[in-house]
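J.: Mind looking at a prediction? Sequence and model below.
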Amino acid sequence: MKFNTKTIHGGQEHDKAYGAVMPPIYQTSTYAQTTPGGHKGYEYSRTHNPTRHALEKAFASLENGNFGLAFGSGLAAIDAIMKLLKPGDEVISTNDLYGGSFRLFTKIFQNFGIKFQFVSMQNAADIEAYINKSTKLIWVETPTNPMMNIIDIKTVAEISKKHKILLAVDNTFASPYLQQPLDLGADIIMHSATKYLGGHSDVVMGALVVKDEELANKLYFIQNASGAICGPQDSFLVLRGVKTLHVRMQRHCENGREVAMFLKKHPKIENVYWPGFEDHPNHLIAKSQMKDFGGMLSFTTKGNNYSEAIKIIEKLKIFTLAESLGGVESLCGHPASMTHASIPKEEREKTGVVDSLIRLSVGIEDIDDLLADLKQALD
């Protein structure tokens, strides 16, 4: 089954009760039993819910995995991965990553004796120098948020397997449509399903996908024991969103390319960060491991002028100033004060997240309207 068909049918079956094409919303907390332990596969909705189960099977199908898990948020999904570790374990993470991930690592799990090393992964082979006997996990985000850095997943996977270390990849920016890290050797895929998988800015959710059954069982245990699951209504919404992922991503990519080209030529713009440019760092790696280059990009104004950047943001009309990304509508954000505010200024500026940086999530509106909006705001 090819990807465009998987988005609609992957892992799915018609409802057994009445043949409903879309899985019903099983808005229930518990299930009747005929005798203790005598049930139809569902006991309690924290552990299993038919609507969530349908979504989890869809997640697994999209990423060519065997097991999918749905959580109340992307951070809840990351939290579950971190609970595979114990005090004294070490994690090697890319140094350019979502601020919420950085906050979870440094403000929560570091307090429980887990050590984190934040390193540049532009040259994936350099990671090996940071590995020691306590290293248990490598955390990769590619493309990174918000600098759009590209990390060679296949090379990192070879290193992780050589040292018997888990490799987790945050695949949120790419989505399974553009990139499938399990096929490149990753052990765990994480998504903020709030973003492209849901696609309509109406739900908050996280997802994990794995191939290995033993690893899946450990994560299912953590999911059930910790309880950070999503509800059936949210599961239904994301399952509905997934069914149009392929057509949405095609337009995100088309519009993202046009916006990136427009900004690169504009006299007021200093830098545009988009992996589709031939001079973008690791462009050839992006070309080899991604189907296209996506609808996410960042840029700075000439002179890296903070007040100029804020003026542009405030003048935009179709691009909405808001947190999040990956919805059908175009959004703009100011990483330094929004998504990456939890990262100390000195640390974030080392990776390029300066005060004048603007991040765009290019939606699926008419491209002429998007370019006109950017032009009027810049001019």
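T.: Noted; the coordinates are in hand.
J.: What about E270? Give its phi and psi, please.
T.: Main-chain dihedrals, E270, degrees, to the nearest 10: phi -90, psi -60.
J.: what sits against it?
T.: Residues near E270 by C-beta atoms under 8 Å, 6 or more residues apart in numbering: F299, T300, T301, K302, G303, N304. (Glycine included, C-beta is placed from N, CA and C.)
J.: now do D292
T.: For D292, counting by C-beta under 8 Å, 6+ apart, the contacting residues are L178, M249, C253, G276.
J.: what's the answer for L237, then?
T.: G198, H200, D202, V203.
J.: do the same with G72
T.: By C-beta under 8 Å, 6+ apart, the neighbours of G72 are V204, M205, G206, A228, I229, C230.
J.: and if we set it to 6 Å?
T.: Going by C-beta atoms under 6 Å, 6 or more residues apart in numbering, G72 touches A228, C230.
J.: same question, the one 4 residues further on
T.: In this structure, A76 makes contact with G206, A228, judged by C-beta under 6 Å, 6+ apart.
J.: any idea which helix or strand comes after the helix or strand that it is a member of?
T.: Secondary structure assignment for A76, by DSSP states H and E: helix 74-82. Using DSSP H and E, the helix or strand that follows helix 74-82 in sequence is strand 90-94.
J.: just checking, next helix/strand downstream of that next one?
T.: Next element after strand 90-94 (DSSP H and E): helix 99-103.
J.: For that next one, buried residues please.
T.: For helix 99-103, a neighbour-count test (16 or more other C-beta atoms under 10 Å) marks G99, G100, S101, F102 as buried.
J.: circling back to that earlier point, filter the contacts of L237 down to the buried ones.
T.: Here, 16+ other C-beta under 10 Å leaves G198, V203 buried among those.
J.: before we move on, back to that, what angle do strand 90-94 and the helix holding A76 make with each other?
T.: With axes from the mean of the first three to the mean of the last three C-alpha atoms, to 10 degrees defining the directions, helix 74-82 sits at 140 degrees from strand 90-94.
J.: Please work out the average pLDDT along helix 74-82.
T.: Throughout helix 74-82, pLDDT has a mean value of 98.
J.: and A124, what is it in contact with?
T.: Contacts of A124 (C-beta under 6 Å, 6+ apart): D152, T155, V156.
J.: If you count residues, where's the longest helix of the chain?
T.: Longest helix in the chain by number of residues (criterion: DSSP state H): helix 245-265.
J.: neighbouring contacts of it?
T.: 4, 7, 175, 177, 199, 269, 272, 274, 276, 292, 294-295, 297, 299, 362, 364, 367, 371.
J.: Buried residues in the worst-scoring helix or strand of the chain on mean pLDDT, which are they?
T.: Sorting the helices and strands of the chain by mean pLDDT, DSSP states H and E puts helix 345-350 at the bottom, at a mean of 85. Judged by neighbour count using 16+ other C-beta under 10 Å, the buried positions of helix 345-350 are R348.
J.: tell me what that helix is packed against?
T.: Contacting helix 345-350 under the criterion 3 or more C-beta pairs under 6 Å, 6 or more residues apart in numbering; DSSP states H and E is no other helix or strand.
J.: what's downstream of it, the next helix or strand?
T.: Next along from helix 345-350, by DSSP H and E: strand 358-361.
J.: strand partners of that next one, parallel vs antiparallel please.
T.: strand 296-301 (antiparallel), strand 331-333 (antiparallel) (DSSP bridges).
J.: Using TSV, lay out those strands together with distance to F221 and mean pLDDT.
T.: Listed next are the strands paired with strand 358-361 as TSV, based on distance: least, C-beta to C-beta, whole Å; pLDDT from 0 to 100:
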stretch	distance to F221	mean pLDDT
strand 296-301	34	96
strand 331-333	36	97
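J.: tell me the domain ranges of this structure?
T.: The record, using automatic domain parsing to delimit domains, assigns the chain the ranges 3-242, 245-378.
J.: if we can go back for a sec, just flag the most distant two among the contacts of D292.
T.: Greatest spatial distance among these (C-beta to C-beta): M249 and G276, at 14.0 Å.
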